[in-house]
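*Asks:* Could you look at this predicted model? Sequence included:
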There are 2 protein chains.
Amino acid sequence: MSDASNIPADHPRAASLRTRERMKDAVRDGLVHPTGLIAHGRGEAFDYLLGEKTPPEALEAITEAARLLKSARQPVLSLNGNVVALAAEACVEVAKAHPKLRLEVNLFHRTPERVSKLVSTMRAAGAKDVLGEKPDFRIPGLTSDRAQCSKAGIGEADVVLVPLEDGDRCQALKAMGKTVITIDLNPLSRTARAADVTIVDELTRALPLLTKALRASPGKAKKYDNHDVLQRVKARMAGLLTE
Amino acid sequence: MSDASNIPADHPRAASLRTRERMKDAVRDGLVHPTGLIAHGRGEAFDYLLGEKTPPEALEAITEAARLLKSARQPVLSLNGNVVALAAEACVEVAKAHPKLRLEVNLFHRTPERVSKLVSTMRAAGAKDVLGEKPDFRIPGLTSDRAQCSKAGIGEADVVLVPLEDGDRCQALKAMGKTVITIDLNPLSRTARAADVTIVDELTRALPLLTKALRASPGKAKKYDNHDVLQRVKARMAGLLTE
């Protein structure tokens, strides 16, 4: 049973506490690895530093991400436990906006049971086709089960969107020559720094904006500099920290 | 069984991953509420912004905290699940350095079972006397079980050290007229802002420094301004964020 009903309605951060309870329930249900809660907390902290609002720098990154995904030969959206728990429906909407894009459940703490549960959750949310249950490819340079993925998905993808990704894996995908897009609230993370495009925003705010950008007619390609985007978002956070 | 043995030794943040596994095991063992993992993650994020080092501002706060605890009529160290899981022994050392100080297990998500487990863990770590199992007092102004505490502990304390505290409860303790000292990595949190003395540092780094300060002969009291300390530590984090 959820503790959500025990959250005092008068608590100043009741909404945030309810999301926390949802994540906790996802752990109980075997969708999220317990350490996924710690990752969620890190995200919360950086979101405070954004004032819990999408910064203009994230909008720039989303525009570039949509351009890259639309021009990709084989784009893939990689899903982990936190992504599915927080945003299963929003991921389905991204896939609907870009029929070529494939969804793949791909986990750091992989167990066949957890992969199956996440695939089922995605199907229940409306996903037609979700890869991940039959890994037949390994990401080179990674030890342990976290290297496993699907050849038809991440294996053959040229552009991968990997929200909330581990830094090691992000770097390994880059080393394979893939174009990597991430959504990560921490602009200092190895993932944020290694990716080609880093959307520094909270997942459930960013995904609907990405869907909208995928549906929009592509504007003229603009020069995009991820390092510069990250520098500006860090300066924004620093400003909010000291205001 | 712990997943700690599955952490690749070649992972650049293996030490941090092992602490995470320890916290996860503490949830499994019923010591830490699952949402305590989210709080741990928030702390990790702010610790990145300290470069994972004790800042000079924390040393100033620790000196003032030791002075207040030593001059207190009835000082109390309030323990929650995260505090015990991360630093049971270090809390025992604080108590040994200040025999007047009482330890009390006091929880936001209170269940009698979790209180008992935490008291047992503290005893196993060497604590002689730990309050909390028989709550006979309520912190005024709080709804739900989180108001419960011990009269002989937090109820009658004039100075309370509440590491990793909820903002609501910190404000309620202040409203009771108590002097509140906290250890909190987030200088923006309501707890950090409401407390009289905020030690912005990671718990396991800060507690041994506090023990040392309690054992040292008291120097001359210096003017202490918590708002100023917080402003300076925020500026330090902003500097590290943008460097």
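*Replies:* Received the coordinates, thanks.
*Asks:* From the structure, what's the count of residues near the single nearest residue of chain A relative to chain B?
*Replies:* Using Cβ to the nearest Cβ, the single residue of chain A nearest to chain B is A:G41, 2.3 Å away. For the C-beta atoms, the positions are set from N, CA and C on the backbone; glycine is no exception. The number of residues packed near A:G41 is 22, by other Cβ atoms under 10 Å in any protein chain shown.
*Asks:* And A:V159, its phi and psi?
*Replies:* phi -130, psi 120 (degrees, to the nearest 10).
*Asks:* list the contacts for A:A172?
*Replies:* Each residue near A:A172 by Cβ atoms under 8 Å, 6 or more residues apart in numbering or on different chains is listed here: A:I139, A:P140, A:G141, A:L142, A:A147.
*Asks:* quick one: secondary structure of it?
*Replies:* Here A:A172 is recorded as helix under DSSP: H, G, I helix; E, B strand; the rest coil.
*Asks:* how far away is it from A:A147?
*Replies:* 8 Å (Cβ to Cβ, to the nearest Å).
*Asks:* Which neighbours do these two have in common?
*Replies:* A:I139, A:P140.
*Asks:* Now do the contacts for A:N82.
*Replies:* A:M23, A:V32, A:G36, A:A39, A:H40, A:L164, A:L203.
*Asks:* Select from those the one having the most neighbours.
*Replies:* Neighbour max across these (other Cβ under 10 Å) = A:V32, 29 neighbours.
*Asks:* I'd like to know how far the spatially most central residue of chain A sits from A:K174.
*Replies:* In chain A, the residue lying closest to the centroid (Cα atoms, centre = their mean) is A:P163, at 1.7 Å. Going from A:P163 to A:K174 by Cβ to Cβ gives 16 Å.
*Asks:* which stretches of chain A have low pLDDT?
*Replies:* Counting by pLDDT under 70, chain A has low-confidence residues at A:1-12.
*Asks:* What ranges does it have for its helices?
*Replies:* Along chain A, the stretches classed as helices by DSSP state H are A:14-28, A:34-48, A:56-70, A:81-97, A:112-124, A:167-175, A:190-194, A:203-215, A:226-242.
*Asks:* Need the contact partners of the shortest one.
*Replies:* If you take Cβ under 8 Å, 6+ apart as the criterion, helix A:190-194 is touched by A:162, A:165-168, A:170-171, A:174, A:180, A:182, A:184, A:186, A:198, A:200, A:230, B:12.
*Asks:* Pull the most distant pair out of the residues you listed.
*Replies:* A:V200 and B:P12 (20.9 Å; Cβ to Cβ).
*Asks:* quick revisit: most surrounded residue in the contacts of A:A172?
*Replies:* A:L142 (22 neighbours).
*Asks:* Just the buried residues of stretch A:13-29, please?
*Replies:* With burial defined by 16 or more other Cβ atoms under 10 Å in any protein chain shown, the residues of stretch A:13-29 counted as buried are A:L17, A:R18, A:T19, A:R20, A:E21, A:M23, A:K24, A:D25, A:A26, A:V27.
*Asks:* hmm, back to that, include distance to B:R215 when you put the helices of chain A into JSON lines, please.
*Replies:* Formatted as JSON lines, the helices of chain A follow (distance: least, Cβ to Cβ, whole Å):
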{"stretch": "helix A:14-28", "distance to B:R215": "38"}
{"stretch": "helix A:34-48", "distance to B:R215": "33"}
{"stretch": "helix A:56-70", "distance to B:R215": "48"}
{"stretch": "helix A:81-97", "distance to B:R215": "44"}
{"stretch": "helix A:112-124", "distance to B:R215": "48"}
{"stretch": "helix A:167-175", "distance to B:R215": "41"}
{"stretch": "helix A:190-194", "distance to B:R215": "40"}
{"stretch": "helix A:203-215", "distance to B:R215": "47"}
{"stretch": "helix A:226-242", "distance to B:R215": "34"}
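*Asks:* out of these, deepest packed?
*Replies:* Comparing these by mean neighbour count (mean count of other Cβ atoms under 10 Å in any protein chain shown), helix A:34-48 comes out on top with a mean of 24.
*Asks:* Would you check how far apart the residue nearest to the centre of chain A and B:L101 are?
*Replies:* Applying Cβ to Cβ to A:P163 and B:L101 gives a distance of 46 Å.
*Asks:* picking that back up, could you check which of A:V200 and B:P12 has the larger neighbour count?
*Replies:* A:V200 (29 against 12).
*Asks:* hang on, the more buried one packs against A:A61?
*Replies:* Yes. At 7.2 Å, A:V200 and A:A61 qualify as touching, with contact defined as Cβ atoms under 8 Å.
*Asks:* what is in contact with those two at once?
*Replies:* Joint contacts of A:V200 and A:A61 (Cβ under 8 Å, 6+ apart) are A:V229.
*Asks:* how near is A:D29 to A:E113?
*Replies:* From A:D29 to A:E113 the distance is 11 Å (Cβ to Cβ).
*Asks:* Could you tell me the end-to-end distance of stretch A:169-185?
*Replies:* With Cα to Cα, to the nearest Å applied, stretch A:169-185 spans 17 Å between its terminal residues.
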